[in-house]
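S.K.: Give me a 3D structure for the following:
(chains A, B and C)
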Amino acid sequence: MTLLAVERIKLFSTRSPWWCAALALVITVGITALIAANTSTEFPLTVGVTQAFYTFGMYVVLVMAALAITTEYRFSTIRATFLAVPNRISALLAKTVVVSLLAGVIGELVAFGSWGISKLIKPDVNIAINTAQEWRNVAGVGAVFFVGAIFAIAIGTLLRHTAGAVALLLVWALVVESLVGIIPKIGDDIQRWMPFVNGNRFLTAGTEPFPGEPVINYPFGAWGSLGYFAAISVGLLIVAFVVAKRRDA
Amino acid sequence: MIEAKRLSKHYGRTVAVDDLSFTVNPGRVTGFLGPNGAGKSTTMRMILGLDRPNGGDVLIDGQHYAGLKHPLRKVGALLDAKWVHPNRSARAHLRWLAKSNRLPVSRVDEVLEMVGLTAVAGKRAGGFSLGMSQRLGVAGALLGDPEILLFDEPVNGLDPEGILWIRQLMHRLADDGRTVFVSSHLLSEMAQTAQDLIVIGRGKLIAATTTEQFIHDATEDRVRVRSPQASRLRELLAGQALVADDAVDGALVVHGLAASVVGEVAAENGIVLHELSPQRGSLEEAFMQLTKESVDYHAHD
Amino acid sequence: MIEAIGLTKRYGKTVAVDDLSFSVAPGKVTGFLGPNGAGKSTTMRMILGLDRPTSGKVLIDGKPYAGLHRPLRTVGALLDAKWVHPNRSARAHLRWLAKSNGLPARRVDEVLETVGLTAVAGKRAGGYSLGMSQRLGIAAALLGDPQVLLFDEPVNGLDPEGILWIRNFMQGLAAEGRTVLVSSHLLSEMALTASDLVVIGKGKLISQSTTQEFVERSSEASVKVRSPQLGALGPLLVDKGFTVRDNGDTSLSVSGATSDQIGDIVAANGFVLHELSPQRGSLEEAFMQLTGDAVEYHAEIGK
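M.R.: Below you'll find the predicted structure:
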């Protein structure tokens, strides 16, 4: 518990988490508001539509999570951390928990914020959250942010450099995972194993695909996809921790 | 020769330098001392025309820095070793400096050799240690073979060999008849380096004198005496001086008498001396004595 | 107490620290000296468990750093004053450190007071001058009231008052029975601060002794003599078999004799002394002599 308090003090004694949270909210809720205002009978507002833009906020949160560790290396505070807590894995684990929880909270704010603004803009359209699938689609965003943050911290710990970690994360999540499907023959087979694609699948399983969205034959059900995404992220985190433990600080 | 005449600089309501006048003479190493916030850096920057005085004037051999035709040939300065583009090599950095003052490229290799950076001259300066950056800064200052040299904390980041080297370099430059002006906080180092001192506090001049005189004026001379007949000697001296005991080895410490006087007293009375060492005050003691009131951040024990 | 036993660190084919053994005793300020590239920083980092030795070990009160329960309560270290997030305030930086080792929050205010940063404790550390950062680093080292203290170039960026303060402070810590290890390049400063020395060069131990022994061992002792009867005294001392040099300023430098011997001769012959002072070499001279071939970058000295 002590170490969690330590990481909480560290996280909130700089301004960047506040800025990241605000940015994630403003971007996602803002875009959702624009879309909601322009829905029509051909393109109706649904619960799924209110959550379709969570990825914008997620990218901001991925960057925040990676920065939480790379700035420690950048400013050498990682050394002060390891001096105070020589058990490096405990120290890094505490950071992962605190940052991922914050990411999860931001995810929930983003999800319910987007839903709420849509409701405000189109009070007449029924977008009540009723079914289990709808709850998963909205409340699940926090879980995806949580797992995504773990993934980002693992990458940040491995690479140690802000520019490299952020570039890798964004290129991976934005470009590689969506373009891998273009590869002839094997593309689809690879894509269905991609971590963020599976995170998305957890949220959207059971909804109508948007026009033009590729139809993927997923290996798991909704919760299985989340589990798979989490397993990949935690696996990567373990690798990162082992490397950090062995490396000279 | 550097002459400051009634130099003043304020930032808003904060007075950094206040009616400061002094002269730095050629052929000597002159130390520039003062507590943090005394206005040393501001003064250095005004000498080099980087900051504009609010009042007064500072002249280099009678001219403003800005009026010098080839300033690097007249004045060499090392203010901050990190004023180098990190991706530029040491040689490239010196080459553009040389070019800007129409100095031959051959001079670049000469100064690189002088500071011992020839082997790494092609590497990017961003990868240099603080000590290597400092040597590059010194090379930049020496480039134009200037008559006047300004150094701000020159030993910063240097190892013992580098510290000895730069001290000897400064002495040599002064012996050549150049004006050498060095700002530093390391008083034990400055005591070995500077022949003259300019001491400021809160932007005002506190002292401008030789190092020897400065120490002499602010500290009390003592004489350390050891003798097999110490108690007899103590009695004899008691009337004319304050005699204390050295805490470590029990030697007598005589305050307020010259060593020669103690020696005469001992000889007249047939007292054997095993030691008769005049103890000089340190530059640090003298400095603390004179700048007591002008310190910014006080720590507590 | 710090003990290094056969400590070795290699980076690829470069040997940074080579079979280094030494111990740092409590109750004294021990200086840690060596030219650039001698392996001082690497050794300090291995003491603190930041770098992993290739072989050998280093123990603090018998335990490796990583084995200490609440390490900041045993060891305080100032390695680099810039190891602070620039957007974090000094107080927040110390608060998380205190929290991590179960130290009460009031301890933060105590150490801020000790180093004289109370007034600026709420400001972001990125805006601090080097001297203020250094004080913050010292505050962090003191936080756990540790028995063992490590300082790397502690006077860096401090002004004369700060330098005097930290010197007195380190000696005070040692007088309380703590172990104080200080690495520095400023030999004139170390001569005033350290009573013991560990000197390394090219990763190997060059010397471990008291500062006085170190200086005496490697510099020639002489005695400076002044007297109104110098003309008679000089030849007399030569006759006794001592080496006498005229300094040209009405004083003689005598080597091969102690000041006691000279004093006895002077008294026996009824001469008057105006000065009889044993001249000690400087720490710098001794250091240069012993580490001469262990230096990385040689600059051109002399013409």
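
S.K.: OK, contacts around the residue in chain A positioned nearest to chain C?
M.R.: As assessed by Cβ to the nearest Cβ, chain C sits closest to A:Ser13 within chain A, at 3.4 Å. Every residue, glycine included, has its C-beta placed from N, CA and C. By Cβ atoms under 8 Å, 6 or more residues apart in numbering or on different chains, A:Ser13 lies in contact with C:85, C:88-89, C:92-93, C:95-96.

S.K.: Number of residues surrounding residue 180?
M.R.: Went with chain A since none was named. Using other Cβ atoms under 10 Å in any protein chain shown as the criterion, A:Val180 is surrounded by 18 other residues.

S.K.: that's the wrong chain, I meant chain C
M.R.: Around C:Val180 there are 28 residues (other Cβ under 10 Å).

S.K.: mind showing which ranges of chain B have poor pLDDT?
M.R.: B:81-82, B:293-301 (pLDDT under 70).

S.K.: Show me the strands in it, by range?
M.R.: Using DSSP state E, the strands of chain B run over residues B:2-11, B:14-24, B:29-33, B:55-60, B:75-78, B:148-152, B:179-183, B:196-201, B:204-210, B:222-226, B:242-245, B:252-255, B:275-279.

S.K.: List the buried residues for the fourth one?
M.R.: It stands for strand B:55-60. For strand B:55-60, burial by neighbour count (16 or more other Cβ atoms under 10 Å in any protein chain shown) applies to B:56, B:58-60.

S.K.: So which residues make contact with that strand?
M.R.: B:1-8, B:19-21, B:43, B:46-47, B:64, B:68, B:74-75, B:148.

S.K.: Kindly report the same for stretch C:270-277.
M.R.: Stretch C:270-277 is contacted by residues B:224, B:259-260, B:263-264, B:266-267, B:273-278, C:223-229, C:232-233, C:251, C:259, C:262-263, C:266 when judged by Cβ under 8 Å, 6+ apart.

S.K.: Buried subset of the residues you listed as a PyMOL selection?
M.R.: Selection of buried members from those for PyMOL, criterion 16+ other Cβ under 10 Å:
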select buried, (chain B and resi 224+259+260+263+266+267+273+274+275+276+277+278) or (chain C and resi 223+224+225+226+227+228+229+233+251+259+262+263+266)
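
S.K.: Break chain B into its domains for me.
M.R.: Annotated domains of chain B cover B:2-216, B:220-279 [automatic domain parsing].

S.K.: State which helix of chain C is the longest.
M.R.: For chain C, the helix reaching the highest residue count under DSSP state H is reported as helix C:160-175.

S.K.: neighbouring strands for the helix or strand just after that one, and are they parallel or not?
M.R.: Using DSSP states H and E, the next helix or strand after helix C:160-175 towards the C-terminus is strand C:179-183. If you go by DSSP bridges, strand C:179-183 pairs up with strand C:29-33 (parallel), strand C:148-152 (parallel).

S.K.: Of those strands, which stretch is the most buried?
M.R.: strand C:29-33 (a mean of 26; mean count of other Cβ atoms under 10 Å in any protein chain shown).

S.K.: which strands and helices sit next to the helix or strand following it?
M.R.: Next helix or strand after strand C:29-33 toward the C-terminus (DSSP H and E): helix C:40-47. With contacts taken as 3 or more Cβ pairs under 8 Å, 6 or more residues apart in numbering or on different chains; DSSP states H and E, helix C:40-47 sits against strand C:2-11, strand C:14-24, strand C:29-33, strand C:55-60, strand C:148-152, strand C:179-183.

S.K.: Once you drop chain neighbours, what's closest to B:Lys74?
M.R.: Ranked by Cβ to Cβ, 6 or more residues apart in numbering or on different chains and with sequence neighbours excluded, the top spatial neighbour of B:Lys74 is B:Leu68, at 5.0 Å.

S.K.: burial count for that neighbour?
M.R.: Applying the criterion other Cβ under 10 Å, we find 17 residues in the vicinity of B:Leu68.

S.K.: ok, it touching B:Gly62?
M.R.: No - if you go by Cβ atoms under 8 Å, B:Leu68 and B:Gly62 don't touch, sitting 10.7 Å apart.

S.K.: Please list the members of the contacts of stretch C:270-277 that lie in helices.
M.R.: Short answer: these in helices (DSSP H) are B:259-260, B:263-264, B:266-267, C:232-233, C:259, C:262-263, C:266.

S.K.: near chain A, from these?
M.R.: Among those, proximity to chain A is found for none (Cβ under 8 Å from any Cβ of the partner chain).

S.K.: related to what we said a few turns ago, next, the residue of chain A closest to chain C: phi, psi?
M.R.: A:Ser13 adopts backbone torsions of phi -90, psi 10, taken as degrees, to the nearest 10.

S.K.: With adjacent residues omitted, what lies nearest to C:Gln134?
M.R.: That would be C:Ala81: by Cβ to Cβ, 6+ apart, it lies 4.5 Å from C:Gln134.

S.K.: confidence score at the one you found?
M.R.: If you check C:Ala81, the pLDDT there is 77.

S.K.: where in chain C is pLDDT low?
M.R.: C:293-303.

S.K.: so how far is B:Lys40 from the residue in it that chain A sits nearest to?
M.R.: With Cβ to the nearest Cβ, the shortest gap between chain C and chain A falls at C:Ala92, namely 3.4 Å. Separation of C:Ala92 from B:Lys40 (Cβ to Cβ, to the nearest Å) stands at 32 Å.

S.K.: who in the stretch 1-150 of chain C is up against chain B?
M.R.: So the stretch 1-150 of chain C meets chain B at C:33, C:35-36, C:113-117, C:129, C:131-132, C:135 (Cβ under 8 Å from any Cβ).

S.K.: Narrow those residues to those that are buried.
M.R.: Among the residues of the stretch 1-150 of chain C next to chain B, those classed as buried by 16+ other Cβ under 10 Å are C:33, C:35-36, C:114-117, C:131-132, C:135.

S.K.: Quick check, C:Leu149 in contact with C:Thr179.
M.R.: Yes - at 7.0 Å, C:Leu149 counts as touching C:Thr179 under the criterion of Cβ under 8 Å.

S.K.: Relative to A:Lys95, which of the strands paired with strand C:179-183 is closest?
M.R.: Among the strands paired with strand C:179-183, the nearest to A:Lys95 by Cβ to Cβ is strand C:148-152 (25.2 Å).

S.K.: can you give me how far that closest one is from the chain middle?
M.R.: 10 Å (Cα atoms, centre = their mean, to the nearest Å).

S.K.: what sits against B:Glu153?
M.R.: Going by Cβ under 8 Å, 6+ apart, B:Glu153 touches B:183-186.

S.K.: And the residues you listed, which is closest to chain C?
M.R.: B:His185 (4.8 Å).

S.K.: Surely C:Asn87 is in a strand?
M.R.: No - assigned with DSSP: H, G, I helix; E, B strand; the rest coil, C:Asn87 falls outside any strand and is coil.

S.K.: Please tell me how far it sits from A:Lys10.
M.R.: 11 Å.

S.K.: And for residue 11, the neighbour number?
M.R.: Defaulting to chain A. Counted with other Cβ under 10 Å, A:Leu11 comes out at 18.

S.K.: Oops, wrong one, chain B.
M.R.: Number of residues near B:Tyr11 (other Cβ under 10 Å) recorded here: 10.

S.K.: Noted, bye for now.
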